[in-house]
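Trainee: how would this look folded up:
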Amino acid sequence: MNSTRSWLVWGAAVLAYTVAVLQRTSLGVAGIDATHRFDVSAAALSSLAVVQLIVYAVLQIPVGVLLDRFGPRALLVTGALLMAVGQTFLALASSIEWALVGRVLVGAGDALTFISVIRLLSNWFSGRLLPQVAQWTGNIGQLGQVLSAIPFSFVLHTYGWPPAFLSVATMSLLSAGVVLALVRNTLHPVENDDTRPSWPEAMRILRQSLTRPGTQLGFWSHFVTQSSGTMLTLLWGFPLLTAGLGYSRSDASLLLSLIVGVGAVAGPIIGVLTARYPMRRSNLVLAIVAGIGMAWTAVLAWPGHPPLWLIIVLIATLGVGGPGSLIGFDFARTFNPKRSLGSANGVVNVGGFLASFVMMYLVGVILDVLNQSRIDRGLMSEVFSWDSFRIALLVQYLVVGAGVGFLLRVRRRVRRQLHQDEGITVAPLWIAVSRMLRRGGRSGP
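Mentor: Numbers count the residues shown, from 1 in each chain. All right, here's what the predicted structure looks like:
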């Protein structure tokens, strides 16, 4: 554990995750191009991203069961191959139907990747280093967004649709080869298949993970922190910044890349705080969500177009949400035995993507409704106007607000269980802070 070999395995796994993020976010950069290539509305365009996320979310729990049974290496390779095939379909598609097939395959391959990487970490790292490595993993993996926002965007607008998507398909084939060569599930792999849980046992493990309040707390933490940024980077960020606010493609690419840069700074800090104050992780989640909510409120309430500095503040705040969502996996690790971590991580990972695809689809529907209303009044069609976006994006408050309500409810159950099982009573935050200021110490979830 924590050896040189551990870091080698980690590097290969992070490469696979980075390429998966590239595949996931490539459509967001190509959103406007897709509306022209396939001649579709905003709602139909959102269906491309939504179907990908629906497949991703629906597969998370089955993938978690497969992960507990077969291990992360096999799933990482399979996921990379599926994404390569999916992006090839998209590269050659001439209709929205074939594009949907491609995004389904991309979503399926993506579904196999992240929780496999997170599961792999617990086999190669331990102690306080583990939550920090998890944060580094998430942050470095988000470089895939930079790859889609800058080099992929350049290839797309210089050489066209097929070369751009075929190039990223090749990246997945490369990552599959690296994983095959370097990744092993554990330091001392056991070849005897009898050590794997049977299918009935795997389903029993899944049911236990689902019923644990700690797993549910991880689900809702992921739900509220990741969704807003994912909605923007996967689909609506480019149309919002270019067509809505009038920025150039290059400026929009740089702005969206800022999410990754901020995450790279915030992630290690969040990792240290998570390791040092494990009993205050939910307070950290709520603080991140409050910051995102205030930033969106300032942007959407600004009269006219918001200034550049405020857009930068918003995107920087969203950049904290990505590493913040990894706290959900730390809850899963804390409240589940290692043999059920695959299932628990699958449950947690559903959260943010469930919220994301609900948001993305509703934004697309509202944009189309508002545009049709504009046409009915005899005005020019303008699907991606800023006035329409500022109304459509209000759906975030409903989705995230509901998630915060459930998070607070399940947190009470977790704290009650901690008190019953371990005699730990979590004091109100203000009391914990005053104690910490006096003599330092730790404080509860």
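Trainee: look up phi and psi at G246.
Mentor: phi 80, psi 10 (degrees, to the nearest 10).
Trainee: brain fart, F384
Mentor: phi -100, psi 40.
Trainee: repeat for A57
Mentor: Dihedral angles (degrees, to the nearest 10) for A57: phi -70, psi -40.
Trainee: ok, it touching G352?
Mentor: No - judged on CB atoms under 8 Å, A57 makes no contact with G352 at a distance of 9.0 Å. Where you see a C-beta, it was placed from the backbone N, CA and C, and this is true even at glycine.
Trainee: tell me where the longest helix sits in this structure.
Mentor: Secondary structure assigned by DSSP state H gives helix 341-376 as the longest helix of the chain.
Trainee: what is the burial count for G246?
Mentor: By other CB atoms under 10 Å, 11 other residues sit near G246.
Trainee: check what pLDDT it gets.
Mentor: On pLDDT, G246 comes in at 92.
Trainee: with adjacent residues omitted, what lies nearest to it?
Mentor: H305 (7.4 Å; CB to CB, 6 or more residues apart in numbering).
Trainee: thinking again about what came up before, what's the first helix or strand after the longest helix of the chain?
Mentor: helix 386-392 (DSSP states H and E).
Trainee: elements contacting that next one?
Mentor: Under the contact criterion of 3 or more CB pairs under 8 Å, 6 or more residues apart in numbering; DSSP states H and E, helix 386-392 touches helix 341-376.
Trainee: how distant is the longest helix of the chain from the center of its chain?
Mentor: 13 Å (CA atoms, centre = their mean, to the nearest Å).
Trainee: what's the average pLDDT for that helix?
Mentor: 88.
Trainee: distance-wise, check the closest residue to A176 other than its chain neighbours relative to L180.
Mentor: The shortest distance from A176 to any non-neighbouring residue, by CB to CB, 6+ apart, is to A80 (3.7 Å). As judged by CB to CB, to the nearest Å, A80 and L180 stand 9 Å apart.
Trainee: and if you look at T274?
Mentor: Taking CB to CB, one finds T274 at 32 Å from L180.
Trainee: number of nearby residues for T88?
Mentor: There are 20 residues near T88, going by other CB under 10 Å.
Trainee: just to check, it is in contact with L166?
Mentor: Yes - under the criterion of CB under 8 Å, T88 makes contact with L166 at 6.5 Å.
Trainee: torsion angles phi and psi at the residue nearest to I312 when sequence neighbours are not counted?
Mentor: Among residues not flanking I312 along the chain, L258 sits closest, at 6.8 Å (CB to CB, 6+ apart). Main-chain torsions, L258, degrees, to the nearest 10: phi -60, psi -30.
Trainee: and L258, what does it touch?
Mentor: I312, I315, A316, G319 (CB atoms under 8 Å, 6 or more residues apart in numbering).
Trainee: for it, give its distance to A84.
Mentor: 29 Å.
Trainee: what's the answer for D387, then?
Mentor: 40 Å.
Trainee: these two - which one has more neighbours?
Mentor: Shown here are D387 and A84; by other CB under 10 Å, A84 has more neighbours (24 against 13).
Trainee: thought the more buried one was touching G177?
Mentor: No - A84 lies out of contact with G177 (CB under 8 Å); the separation is 11.0 Å.
Trainee: thinking again about what came up before, so which of T274 and L180 has more stuff around it?
Mentor: T274 (24 against 14).
Trainee: what about the more buried one, distance to F125?
Mentor: 14 Å.
Trainee: go on, E382?
Mentor: Counting by CB to CB, the gap from E382 to F125 is 51 Å.
Trainee: ok, Q396 next?
Mentor: 35 Å.
Trainee: same check on R280?
Mentor: With CB to CB as the criterion, R280 and F125 are 22 Å apart.
Trainee: likewise for L59?
Mentor: Using CB to CB, L59 is found at 26 Å from F125.
Trainee: got it, and S373?
Mentor: Following CB to CB, the distance that separates S373 from F125 is 54 Å.
Trainee: what do you get for A164?
Mentor: Counting by CB to CB, the gap from A164 to F125 is 36 Å.
Trainee: then I269?
Mentor: Note on I269: its distance to F125, by CB to CB, is 19 Å.
Trainee: look at these two and report which has more neighbours.
Mentor: F125 (21 against 12).
Trainee: and whichever strand or helix holds D33, which residues are buried?
Mentor: D33 is part of helix 31-38, with elements assigned from DSSP H and E. Buried residues in helix 31-38, defined by neighbour count with 16 or more other CB atoms under 10 Å: G31, I32, D33, A34, T35, R37, F38.
Trainee: so which of the residues you listed comes closest to R409?
Mentor: Within the buried residues of helix 31-38, the smallest distance to R409 is 36.0 Å, found for G31 (CB to CB).
Trainee: next one: that closest one, what pLDDT does it get?
Mentor: So G31 comes in at 75 (pLDDT).
Trainee: where does pLDDT dip in the stretch 101-250 of the chain?
Mentor: 188-199 (pLDDT under 70).
Trainee: can you map out the strands along the stretch 151-300 of the chain?
Mentor: Assigned by DSSP state E, counting those that start in this stretch, the stretch 151-300 of the chain shows no strands.
Trainee: tell me where it has helices.
Mentor: Using DSSP state H, counting those that start in this stretch, the helices of the stretch 151-300 of the chain run over 153-159, 161-182, 199-211, 213-231, 237-239, 249-276, 281-301.
Trainee: now the angle between helix 281-301 and the fourth one, please.
Mentor: Just to be clear, that refers to helix 213-231. Inter-element angle recorded for helix 213-231 and helix 281-301: 30 degrees (by axes from the mean of the first three to the mean of the last three CA atoms, to 10 degrees).
Trainee: chain center to helix 213-231, what's the gap?
Mentor: 9 Å.
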